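Chemist: Structure for the following, please:
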Amino acid sequence: MSSEKNRQQARRKRQLRGRSQVIGTPDRPRLCVFKSLRHVYAQIIDDYAGHTLVAASTLQDDVRDGLTSTSNKEAAAAVGQAIAERALAQGIEKVVFDRAGWPYHGKVRALAEAAREAGLHF
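Modeler: Numbering: from 1, shown residues only. The predicted structure is shown next:
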């Protein structure tokens with residue numbers, strides 16, 4: 001139990017360190033990634049207004065269609081593709097990437113690369 005709590009606290013510290021430098025503005029909102037053991041989530045947030053502008057996750061049926069699992073790199077890439085399409089539909093082309101304390105590899109990297117390939121710039 002204590003090692004799990006220490007790991008959560010360490011990620012939270014990394015998240016807060018990164019959040020002090022990564023701020024979503026109306027011109028360049030923040031693309032925030034979260035992953036649980038079962039799902040992958042992404043939001044585009046305007047921190048000044050305190051609003052989520054666009055969201056996508058593997059909980060949504062249109063993202064989940066055709067996936068064998070909702071917690072692998074393929075699922076993360078599908079979420080990245082969906083968030084980019086939804087952002088571009090709302091006129092959002094540039095974002096800042098917030099990995100929320102997660103290391104930049106695996107699912108986080110797959111989501112970021114899929115969003116870049118779909119047209120988001122960060």
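Chemist: switch to C-alpha atoms for all contacts and neighbour counts from now on
Modeler: Noted.
Chemist: would you list every one of the strands in this structure?
Modeler: Counting by DSSP state E, one finds strands in the chain at the ranges 30-35, 40-46, 51-57, 96-98.
Chemist: need these in JSON lines with distance to G18 and mean neighbour count, can you?
Modeler: Formatted as JSON lines, the strands of the chain follow (distance: least, CA to CA, whole Å; neighbours: other CA atoms under 10 Å):
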{"stretch": "strand 30-35", "distance to G18": "11", "mean neighbour count": "22"}
{"stretch": "strand 40-46", "distance to G18": "15", "mean neighbour count": "23"}
{"stretch": "strand 51-57", "distance to G18": "19", "mean neighbour count": "18"}
{"stretch": "strand 96-98", "distance to G18": "7", "mean neighbour count": "21"}
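Chemist: Would you mind putting these into TSV with mean pLDDT alongside?
Modeler: Supplementary listing: those in TSV, determined by pLDDT from 0 to 100:
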stretch	mean pLDDT
strand 30-35	96
strand 40-46	97
strand 51-57	97
strand 96-98	95
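Chemist: So which residue is smack in the middle of the chain?
Modeler: Nearest to the mean C-alpha position of the chain, by CA atoms, centre = their mean, lies V33 at 2.3 Å.
Chemist: any idea how far the nearest residue to it once chain neighbours are set aside is from D61?
Modeler: Nearest residue to V33, sequence neighbours excluded (CA to CA, 6 or more residues apart in numbering): A42, at 4.6 Å. Computed as CA to CA, to the nearest Å, the A42 to D61 distance reads 15 Å.
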